[in-house]
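Undergrad: pasting a predicted model and its sequence here:
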Amino acid sequence: MAWTRPALAAAVAAVAAAAVWIAIAAGTFQPLFLTIHFRDTAAMRAFWTEAPYRRVPGLRQLLIAAEEHTHPGDGVLLWTPHRPWQGGYGYAFRRAQYVLAGRDVIPLLDRTRGTVEEQNIARATYIACWRACPTARTRPAPTAF
């Protein structure tokens, strides 16, 4: 069979395209694609579960305890010693909103000034304290855990 110039050009283009696709596939292959099936999945699950809480160790356990002790609709004030808002409190507060979905998570600090908002303490049904709870000054303290 004799090749005509257009047919030969089309065949060369098809082979070149196949070679490019094979090179791309070989270049993007990662050993993880095979080794992932032989790893300790329980350890990986534990690592990735704790990963979002690395900046505030122990926060996840506090939030899980808060979720167990409260009910949807309850007002939960989050108390951590981190000040100001950008110094760690905002991070802990945003995490709490995910874990305590359905509850009214109340911030202790004002987002812009970083000062304690006393009226928010009065709104709380519960106070979730990280490491230690502050003493109540204005009224009988809500339930703390």
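TA: Looks like it arrived, so ask away. Residues are numbered from 1 along each chain as shown.
Undergrad: center of this structure, which residue is that?
TA: What sits nearest the mean C-alpha location of the chain, by CA atoms, centre = their mean, is P52, with 4.2 Å.
Undergrad: tell me how far that residue lies from Y91.
TA: If you measure P52 against Y91 using CB to CB, to the nearest Å, the figure is 9 Å. For the C-beta atoms, the positions are set from N, CA and C on the backbone; glycine is no exception.
Undergrad: mind listing the strands for this structure?
TA: Secondary structure of the chain by DSSP state E: the strands cover 75-79, 104-107, 126-129, 143-144.
Undergrad: quick one, which of the ones you listed is nearest to A10?
TA: The minimum distance between A10 and these falls on strand 104-107, with 64.2 Å, by CB to CB.
Undergrad: so what touches the closest one?
TA: 73-78, 89, 93, 96-97, 117, 120, 123-124 (CB atoms under 8 Å, 6 or more residues apart in numbering).
Undergrad: at 10 Å instead, please
TA: Contacts of strand 104-107 with the rest of the structure, by CB atoms under 10 Å, 6 or more residues apart in numbering, involve 63, 66, 70, 72-78, 85, 89-90, 92-99, 116-117, 119-128.
Undergrad: list the contacts for R123?
TA: Under the criterion of CB under 10 Å, 6+ apart, the contact partners of R123 comprise 75, 77, 104, 106, 117, 142.
Undergrad: surely the second one touches C129?
TA: Yes. Under the criterion of CB atoms under 10 Å, L77 lies in contact with C129, with a separation of 9.1 Å.
Undergrad: these two: who's more crowded?
TA: Neighbours around L77 and C129, counted as other CB atoms under 10 Å, are more numerous at L77. The numbers are 23 against 17.
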